[in-house]
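Undergrad: I would like to see how this sequence folds:
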Amino acid sequence: MNDTTGELTGRGHIEIDGLTKTFPSDAGDITALEGIDFDIASREFVGIVGPSGCGKSTLLRCVGGLIAPSEGEVRIGGEVVDAPDRRIGYVFQKAVLLPWRRVLDNVMLPFEIMGRPTDDDRRKAREVLEMVGLSEYLQHRPGELSGGMQQRVSVARALAVEPSILLMDEPFGALDAQTRDQMNLELLRIWHESQTTVVFVTHDIGEALFLSDRVMVMSARPGGVQDVIDVDLERPRTFEQVEGDERFWSLRQRIREQLE
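TA: Model (predicted):
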């Protein structure tokens, strides 16, 4: 866990209780998730891995209030989630930036949606852009940035409203390997500074282990919790340190065998 010990209470505490999600179809109902019980401590970093189609993204959407569970519930800070919540930031696989708006204006978008932006809102947007290393690119448009920089803008936009929880759905999956490694290191630095709870979906076992305090391994559809791995690797982490640790390779093999 990060330097600030996670708490089983507080604004960033997530409780998933008996969550089942079923979708109707012409061929009959499809159960995407079934009976998920899982708690995530405030300020914890949790990775989620599982086979394709096991419901990882569906689980994130339920936690984020974007879709409602068919059974069970999600609680954040003790309150049931039944709609999108300002306490929750969302980062998708693609940056989803408005190409005609400059970087600062893209980060200001959530404030505009919530109402008339204030000078304090603009200050927060500048601060998070500085946090992600983009203070020199405020007036650039997305098309003038690399893929990794665009994702940093997306992370900054999610963090600007100071969420308690950051949900990340394979945010670096489309990046090349070198840029992905850089973004992983950048994300750990941002997480340490922001003290935000992070739930991170990925297909990459090594990425999940490198980033996370714990890794949830999901079973094939209907998705459930197959295993929960405590990642007892010291922080702060470097690739050299982690890849030189036998525990990393042992945990990686444990997850690989479960997914196979």
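
Undergrad: count of neighbours near Leu259?
TA: 16 (other CB atoms under 10 Å). The way it works is simple: take the backbone N, C-alpha and C, and place the C-beta from them, glycine included.

Undergrad: wait, Pro99
TA: Neighbours of Pro99 (other CB under 10 Å): 8.

Undergrad: again, but for Pro84
TA: Pro84, neighbours per other CB under 10 Å, totals 11.

Undergrad: and the one 10 residues further on, by the same measure?
TA: Neighbour count for Lys94, taken as other CB under 10 Å: 15.

Undergrad: A helix includes it, no?
TA: No. Assessed by DSSP: H, G, I helix; E, B strand; the rest coil, Lys94 does not belong to a helix; its assignment is coil.

Undergrad: any idea how far it is from Glu260?
TA: Lys94 sits 29 Å away from Glu260, going by CB to CB, to the nearest Å.

Undergrad: how close does Glu186 get to Arg252?
TA: From Glu186 to Arg252 the distance is 22 Å (CB to CB).

Undergrad: ok, Glu234 next?
TA: 17 Å.

Undergrad: what residues are up against the residue nearest the centre of the chain?
TA: Compute the mean C-alpha point of the chain, and by CA atoms, centre = their mean the closest residue is Met168, 2.4 Å away. Taking CB atoms under 8 Å, 6 or more residues apart in numbering, we find Met168 in contact with 90-91, 198-201.

Undergrad: kindly report the same for Val228.
TA: Counting by CB under 8 Å, 6+ apart, Val228 has contacts 38, 214-217.

Undergrad: the same query, at a cut-off of 7 Å, please.
TA: By CB atoms under 7 Å, 6 or more residues apart in numbering, the residues touching Val228 are 214, 216.

Undergrad: the helices in the stretch 151-260 of the chain, which residues?
TA: For the stretch 151-260 of the chain, the helices defined by DSSP state H, counting those that start in this stretch cover 177-194, 205-211, 239-243, 246-259.

Undergrad: still on that earlier bit, and Glu234 and Arg252? which has more neighbours close in?
TA: Arg252 (16 against 8).

Undergrad: now do the buried residues in stretch 68-87.
TA: 69-70, 72, 74, 76-77, 81, 85, 87 (16 or more other CB atoms under 10 Å).

Undergrad: and stretch 134-145, by the same measure?
TA: In stretch 134-145, counting by 16+ other CB under 10 Å, buried: 134, 137, 141-142, 145.
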